[in-house]
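*Asks:* Whatever this is, show me its structure:
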Amino acid sequence: MKTYNVAVAGALGLVGSTMVRILEEYDFPVNRLKLLESKEWVGTPVRFKGETLFVEEGTEDAFEGVDIALFATHEAVSAKLAPAAAKRGAIAIDNSRHFRLDPNVPLVVPEVNPEDLKWHNGIIANPNCTTIGTIVVLKPIHDISPIKRVVASTYQAVSGGAIRGQLELKKQCVDIAAGFEPSPPTVFAYQIAYNLIPFIDVFEDDGYTREEWKMIHETRKMLHVPDMAITDTAIRVPVLNCHSVSCNIETRDKVTVQQAREALSKAPGVKVVDDIEKLEFPQPIRVSGGNLVHVGRIREDFSIENGLNLFLVSDNVRKGAAQNAVQIAQVLVEQGLVEEWQRRRS
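*Replies:* I've put the predicted structure just below:
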């Protein structure tokens, strides 16, 4: 089996370290793995496939000889280093928002639009975490009848604020349980313990947040429906991991609950968890650490002619980021697109 030189930039963060773990879980055909970070972390040891690797500095020259580069870095770092990696012959798969809406960069979820990988020019964008989980569920329904409108409410875990976000929730919960005032927030705008924060990211002039617009624009791009009607509200909730989404979907033609359930049960990357008698439905504590998007509470919306309601949960660190990036790399390998990129550059 052919093997590939792989780099993970931002290898010590929550998403980057999960990328490393998933490369091992998936038995990805790695010849050499380079772990890249900022200068102060150089030399940090990391275990991979029974060996100890040491972190290197993430410079432009670090991508020499790399075939596939996974980026779990801040937007400014990705904006600089992803093109540098592509220039040196690697295919960069970037998890930041920087390239997502660039018309010259494919935005891909392998279960939804793998065909878009074929027109990449050295950089591929990984979508927003909530968009990924949602679109994996929307696509099978869209294939039955085109979706006209989506109304989504997203309930996003504190792991969206990385390890610091998780620690902030834990610390505040401990403070309150011990009878003390909760520690002041440093990651989130307000106390997150025993609270909901009804916005995520910065506000735009129209009253929507940047996080909300991500789902709108990214869904349209990947489904190739630039005028699809989508609106959403993003909410931060005191859950350690996994993002949940309540979706109201309007289709062009009638899609019955049975049709939707059957399509979703056959869809890649999806698990239907929808048993009223046993009260089994998607829950973050059941999904965390897993690879599948769970969907349930599938029912007709009686307020419109062709409507469905459903509720989904996905692990935002895995499927919503690290896992999706590795899956993209898998498709590149399976379809010979790594070699094709190298031929195009020669």
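
*Asks:* Which parts of the stretch 51-200 of the chain are strands?
*Replies:* 51-54, 56-57, 68-71, 91-94, 123-125, 147-156 (DSSP state E, counting those that start in this stretch).

*Asks:* Buried deepest among these, which one?
*Replies:* strand 68-71 (a mean of 29; mean count of other C-beta atoms under 10 Å). From N, CA and C alone the C-beta is placed, and that goes for glycine too.

*Asks:* Which strands and helices lie in contact with that strand?
*Replies:* strand 4-9, helix 75-87, strand 91-94, helix 323-334 (3 or more C-beta pairs under 8 Å, 6 or more residues apart in numbering; DSSP states H and E).

*Asks:* In CSV, list the ones you listed along with distance to N195 and mean pLDDT.
*Replies:* Output for the helices and strands packed on strand 68-71, formatted as CSV (distance: least, C-beta to C-beta, whole Å; pLDDT from 0 to 100):
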stretch, distance to N195, mean pLDDT
strand 4-9, 34, 98
helix 75-87, 28, 98
strand 91-94, 33, 98
helix 323-334, 29, 98
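
*Asks:* picking that back up, could the strands of the stretch 51-200 of the chain be laid out in a markdown table, adding distance to S265?
*Replies:* Shown next, in a markdown table, are the strands of the stretch 51-200 of the chain (distance: least, C-beta to C-beta, whole Å):
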| stretch | distance to S265 |
| --- | --- |
| strand 51-54 | 40 |
| strand 56-57 | 45 |
| strand 68-71 | 31 |
| strand 91-94 | 29 |
| strand 123-125 | 29 |
| strand 147-156 | 19 |
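
*Asks:* before we move on, the earlier item: looking at the helices and strands packed on strand 68-71, which is nearest to T18?
*Replies:* helix 323-334 (7.7 Å; C-beta to C-beta).

*Asks:* packing partners for the closest one?
*Replies:* By 3+ C-beta pairs under 8 Å, 6+ apart, helix 323-334 packs against helix 14-25, strand 68-71, strand 91-94.

*Asks:* can you give me the mean pLDDT across the first one?
*Replies:* When the per-residue pLDDT values of helix 14-25 are averaged, the result is 97.

*Asks:* Following that helix in sequence, what is the next regular element?
*Replies:* Note on helix 14-25: by DSSP states H and E, the next helix or strand toward the C-terminus is strand 30-37.

*Asks:* what's next to that following strand, contact-wise?
*Replies:* 3-12, 20, 23, 44, 46, 48-49, 53-58, 62, 66 (C-beta atoms under 8 Å, 6 or more residues apart in numbering).

*Asks:* ok, and for the next helix or strand after it, which residues are buried?
*Replies:* Per DSSP H and E, strand 30-37 leads on to strand 45-48 as the next helix or strand towards the C-terminus. Going by neighbour count (16 or more other C-beta atoms under 10 Å), the buried part of strand 45-48 is V46, F48.

*Asks:* other SSEs contacting the helix-or-strand element of the chain with minimal mean pLDDT?
*Replies:* Here the helix or strand of the chain ranked lowest by mean pLDDT, DSSP states H and E is helix 337-345, holding a mean of 94. For helix 337-345, the elements it packs on are strand 91-94, judged by 3+ C-beta pairs under 8 Å, 6+ apart.

*Asks:* The same query, at a cut-off of 6 Å, please.
*Replies:* On a contact count with 3 or more C-beta pairs under 6 Å, 6 or more residues apart in numbering; DSSP states H and E, helix 337-345 meets no helix or strand.

*Asks:* by how many degrees do it and helix 75-87 diverge?
*Replies:* 70 degrees (axes from the mean of the first three to the mean of the last three C-alpha atoms, to 10 degrees).

*Asks:* ok, and what's touching helix 337-345?
*Replies:* D67, G89, I91, L332 (C-beta atoms under 6 Å, 6 or more residues apart in numbering).

*Asks:* dump the residue contacts of the closest residue to the first one other than its chain neighbours.
*Replies:* Spatial nearest neighbour of D67, excluding adjacent residues (C-beta to C-beta, 6 or more residues apart in numbering): Y4 at 4.2 Å. Contact partners of Y4, counting by C-beta under 6 Å, 6+ apart, are P29, N31, D67, I68.

*Asks:* For burial, what's the neighbour tally of the first one?
*Replies:* Same thing as P29. 14 (other C-beta atoms under 10 Å).

*Asks:* quick one: it and T3 touch, right?
*Replies:* Yes: counting by C-beta atoms under 6 Å, T3 is a contact partner of P29 at 4.5 Å.

*Asks:* circling back: buried residues of the least confident helix or strand of the chain, list them for me.
*Replies:* Those would be L337, V338, W341, for helix 337-345 by 16+ other C-beta under 10 Å.

*Asks:* my guess is K39 meets E56, correct?
*Replies:* No: K39 lies out of contact with E56 (C-beta under 6 Å); the separation is 10.0 Å.
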